[in-house]
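Colleague: sequence below, structure please.
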Amino acid sequence: MEGVTKMQTEVNFNDRLIRLPELERIFGVCKRTVRRKAESGELPPLVRCGGVVGMLESKVKEYFRRLSGQNAN
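Modeller: Residues are numbered from 1 along each chain as shown. Have a look, this model is predicted:
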């Protein structure tokens, strides 16, 4: 197909969105701090899907792997 390029992004359709109340428990901080740290880049970015805000589970797992010094693969 001419003019169509293959996307080089990896898509995981089984990735779930972890909402703010659960993120508060995971990170041990209030949702305001979760938002602030996500905006500053200290935590994975927040994603908005419809009226729901959260983080992709894969990004949270990757964050903790990096913290523990393990390879993200």
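Colleague: only C-alpha atoms for contact and neighbour calcs from this point on.
Modeller: Fine.
Colleague: show me where this structure has strands.
Modeller: Secondary structure of the chain (DSSP state E): strands located at 17-19, 47-49, 52-56.
Colleague: let's have those strands in TSV, adding mean neighbour count, distance to A38 and mean pLDDT.
Modeller: Listed next are those as TSV, based on neighbours: other Cα atoms under 10 Å; distance: least, Cα to Cα, whole Å; pLDDT from 0 to 100:
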stretch	mean neighbour count	distance to A38	mean pLDDT
strand 17-19	18	13	96
strand 47-49	12	10	93
strand 52-56	17	9	96
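Colleague: make a markdown table out of those and add distance to R65.
Modeller: Below are the strands of the chain laid out as a markdown table (distance: least, Cα to Cα, whole Å):
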| stretch | distance to R65 |
| --- | --- |
| strand 17-19 | 17 |
| strand 47-49 | 20 |
| strand 52-56 | 15 |
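Colleague: R19 reaches M55, doesn't it?
Modeller: Yes: using Cα atoms under 8 Å, R19 is in contact with M55, at 6.7 Å.
Colleague: one step back: so for L67, which of the strands of the chain sits nearest?
Modeller: Nearest of the strands of the chain to L67, taken as Cα to Cα: strand 52-56 at 17.0 Å.
Colleague: so what secondary structure elements neighbour the closest one?
Modeller: strand 17-19, helix 20-27, strand 47-49 (3 or more Cα pairs under 8 Å, 6 or more residues apart in numbering; DSSP states H and E).
Colleague: identify the residues contacting it?
Modeller: Applying Cα atoms under 8 Å, 6 or more residues apart in numbering, the external contacts of strand 52-56 come out as 15-20, 23, 44-48.
Colleague: try 7 Å
Modeller: Surrounding strand 52-56, the residues in contact under the criterion Cα atoms under 7 Å, 6 or more residues apart in numbering are 15-20, 44-48.
Colleague: and for stretch 27-41?
Modeller: Stretch 27-41 is contacted by residues 20, 24, 43-46 when judged by Cα under 7 Å, 6+ apart.
Colleague: narrow these to just the buried residues.
Modeller: Buried members of those, counted by 16 or more other Cα atoms under 10 Å: 20, 43-46.
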